[in-house]
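Student: Below are the sequence and a predicted model for it; my questions follow.
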Amino acid sequence: MEKITRISNELKDWILQTLKSGVNPESIAAAMVKKGFDQAFAYSTMIRILNNQTLKTSDGNQTPYIYEAIDTFKKGNMISTTDREMKVLLKIDKPFITYLDNVLSTEECDQLIHLSTNRLQPSEIIDPITGEKKSVPGRTSKGTYYHLNETTLISTIERRIAEITSHPLEHGEGLQVLNYNIGEEYKAHFDFFPANQIDMEKGGQRIATFLIYLNDVEAGGETIFPKAGISIVPKKGAAVFFQYGNSHGQVDRMSLHSSIPVLKGEKWVATKWIRQTDIGQINKKSEVFITK
Ligand code: PD2
Ligand code: ZN
């Protein structure tokens, strides 16, 4: 059988993220060969990527991502939910990113940190090659997951997120609370899955992320969107909401983002990843894939 000698943009992104997550280049090249890639092509592709050289991809002229406006954000500089008023601090259309103030009260932030402190575990990813969960240098935070509606506080936050984003609560994965100490980070990644990991039984593709800052960080810890040239400085109770999936099933590569290392103090965030459809009974907690 003829061996594959071209790679797609999607595979290129996957390789980049897999490398950043700490998987060694040989394992990735070996996985490509197993999937039917020409051996010399797989290894030379890895070398080009490692040396940061340009790479010709088979789908360089893909249809551009179609941005779709979200109703809540068409209406001005304030957003109201049934229980809260919040101010829009920043709104960018392409990629779609908003920064909202006052999403959680100081007390809600403190309560969520308190609730999470004794549940923290090293953050993990799922190795696409072995399928096993593991800690990697690219994601050094600690974290914990909550089931949908696990406590009254979690329910309140989830209902508020659903009202702000116009995405039903059931489309959200379980809330995740992350804690970064000095030097800890989450290297550049996409939150959406590569096409071969989308499971329509479990909510389908991830299409948006709602990230709430639970404290002020003394230095570092910004959320960076390098392709968009944007840096969001954490502010207690404020939230960044970004959307990268549309009704055409496309995903927006401009949504690449990272959490840069904390330089002073610590950082606490709560993240909600939102899917296309209902997440389903068996999968109420978030799972972190290496594609992230
Ligand atoms: O903690 C952050 O700022 C951050 C940055 C990028 C969190 C995530 N991604 C995430 O949870 O997906
Ligand atoms: Zn992310």
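Tutor: Now that the structure is in, tell me what you want to look at. Numbers count the residues shown, from 1 in each chain. Ligands and ions are numbered 1, 2, ... in the order given.

Student: Quick check: closest non-adjacent residue to T151.
Tutor: Among residues not flanking T151 along the chain, L115 sits closest, at 7.0 Å (CB to CB, 6 or more residues apart in numbering). Placement of C-beta: from N, CA and C, glycine included.

Student: any idea how far ligand 1 is from the most centrally placed residue in the chain?
Tutor: Note on the chain: the residue nearest the mean C-alpha position is D191, at 3.1 Å, using CA atoms, centre = their mean. According to CB to the nearest ligand atom, to the nearest Å, D191 stands 5 Å off from ligand 1.

Student: re the thing from before, my read is the residue nearest to T151 is in a helix, agree?
Tutor: Yes: under DSSP: H, G, I helix; E, B strand; the rest coil, L115 falls within a helix.

Student: what comes up buried for stretch 23-32?
Tutor: V23, P25, I28, A29, A31, M32 (16 or more other CB atoms under 10 Å).

Student: OK, now which residue of the stretch 101-250 of the chain is nearest to ligand 1?
Tutor: Closest approach of the stretch 101-250 of the chain to ligand 1 (CB to the nearest ligand atom) occurs at T223, with a separation of 3.6 Å.

Student: Check the gap between K34 and K272 for me.
Tutor: Note on K34: its distance to K272, by CB to CB, to the nearest Å, is 35 Å.

Student: A208 too?
Tutor: 9 Å.

Student: Surely the residue nearest to the centre of the chain touches R206?
Tutor: Yes: between D191 and R206 there is a contact under CB atoms under 8 Å: 5.3 Å.

Student: Between those two, which contacts overlap?
Tutor: Y244, W273 (CB atoms under 8 Å, 6 or more residues apart in numbering).

Student: how about low-confidence regions in the stretch 1-150 of the chain?
Tutor: Residue ranges of the stretch 1-150 of the chain with pLDDT under 70: 17, 20-22, 51-62, 125-133.

Student: All the helices of this structure, residue numbers only.
Tutor: 9-20, 25-34, 39-50, 106-117, 152-165 (DSSP state H).

Student: of all these, which lies closest to V240?
Tutor: helix 152-165 (11.7 Å; CB to CB).

Student: so does the closest one get close to ligand 1?
Tutor: No: using CB under 6 Å from any ligand atom, helix 152-165 never reaches ligand 1; the gap is at least 13.8 Å.

Student: so F193 makes contact with I207?
Tutor: No: contact status for F193 versus I207: not in contact, 10.5 Å apart, counting by CB under 8 Å.

Student: Please say which of those two ends up with more neighbours.
Tutor: I207 (25 against 19; other CB atoms under 10 Å).

Student: Apart from its neighbours in sequence, what residue is nearest the more buried one?
Tutor: G245 (2.8 Å).

Student: swap in K87?
Tutor: D101 (4.5 Å).

Student: show me the residues around the residue nearest to Y43 when sequence neighbours are not counted that make contact.
Tutor: Leaving aside its chain neighbours, Y43 sits nearest to A29 (5.1 Å; criterion: CB to CB, 6+ apart). By CB under 8 Å, 6+ apart, A29 lies in contact with Q39, A42, Y43, T45, M46.

Student: if we can go back for a sec, mind giving me CSV with the buried residues of stretch 23-32 and columns for distance to V177?
Tutor: Compiled in CSV, these are given as follows (distance: CB to CB, whole Å):
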residue, distance to V177
V23, 26
P25, 33
I28, 31
A29, 36
A31, 32
M32, 36
